[in-house]
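**Student:** All I have is the shape, not the residue letters:
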């Protein structure tokens, strides 16, 4: 119940494409859902986050869609750029700590 | 102080040796977290502190692992009698206690146990 599932494991898109990364959870006690971006050799960096009482949140080119009834949420990256090539992790907060998905490795081709 | 710092960035050790890592959080943050990340996986929670109190520990934190935050500022994570399975990236994150306690991660310490 503490697991967060994430798909796909890897994703390749052309520049300007809209990669979509999906996550699903079981624990209805999760109350906050951030997304992190991680470059090789670096720690994860907070990208965008959403509360379960909101269905969509946009920040710049990044959008989270949240479906509370389906217990699913997704990250969309508009007008993707080669610089967006990184590993993306969804996470969910339960209590005071966070459970992370296994990550999606995104490659944006020029 | 612009972010979370960790030292060392890389550590290579032989099986059976003890290692200690340090984390300096963002100065005004009262919460500090330790995570372990293995290749191709997301970070796994190990433990967290609020000020100097260690409030939660994961089952992943075996008896060989100990963490401290003596003055509520920096923290250390010690692994005794290292095993090859301890090889991983050890990440530290800090946050302000609050509704969403957004976590900010350091660059990590990569441990290799030979």
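**Tutor:** Received, thanks. Please read all numbers here as calculations on a predicted model, not as lab measurements.
**Student:** quick one: low-confidence ranges for the chain?
**Tutor:** In the absence of a named chain, this looks at chain A. Chain A contains residues with pLDDT under 70 at A:1-2.
**Student:** My question was about chain B, not that one.
**Tutor:** Checking chain B against pLDDT under 70 turns up B:1, B:99.
**Student:** Within range of chain A, give me the residues from it.
**Tutor:** B:4, B:31, B:33, B:40-45, B:48, B:55-56, B:91, B:93, B:100-108 (Cβ under 8 Å from any Cβ of the partner chain). Where you see a C-beta, it was placed from the backbone N, CA and C, and this is true even at glycine.
**Student:** Just the buried ones from the residues you listed?
**Tutor:** Among those, those buried by neighbour count (16 or more other Cβ atoms under 10 Å in any protein chain shown) are B:4, B:31, B:33, B:42-45, B:48, B:91, B:93, B:101, B:103-108.
**Student:** Just the ones of the residues you listed in strands?
**Tutor:** Using DSSP state E, the members of these that fall in strands are B:31, B:33, B:44-45, B:48, B:91, B:93, B:104-105.
**Student:** out of those, who's nearest residue A:100?
**Tutor:** Using Cβ to Cβ, residue B:44 comes nearest to residue A:100 of these, at 7.4 Å.
**Student:** isn't the closest one right up against residue A:101?
**Tutor:** No: the criterion here is Cβ atoms under 8 Å, and residue B:44 misses it with residue A:101 at 11.5 Å.
**Student:** Grab the nearest non-local neighbour of the residue in chain A sticking out farthest from the centre.
**Tutor:** Most distant residue from the mean C-alpha position of chain A: residue A:110, 22.3 Å away (Cα atoms, centre = their mean). Among residues not flanking residue A:110 along the chain, residue A:82 sits closest, at 5.1 Å (Cβ to Cβ, 6 or more residues apart in numbering or on different chains).
**Student:** What ranges does chain B have for its helices?
**Tutor:** Counting by DSSP state H, chain B forms no helices at all.
**Student:** Skip the chain neighbours and tell me the closest residue to residue B:87.
**Tutor:** residue B:113 (4.8 Å).
**Student:** The spatially most central residue of chain B pairs with what?
**Tutor:** Geometric centre of chain B, nearest residue: residue B:34, 3.2 Å, by Cα atoms, centre = their mean. With DSSP bridges applied, residue B:34 shows beta-bridge pairing to residue B:47, residue B:92.
**Student:** for it, what are its contacts?
**Tutor:** By Cβ atoms under 8 Å, 6 or more residues apart in numbering or on different chains, residue B:34 lies in contact with B:23, B:46-48, B:67, B:75, B:77, B:90-92.
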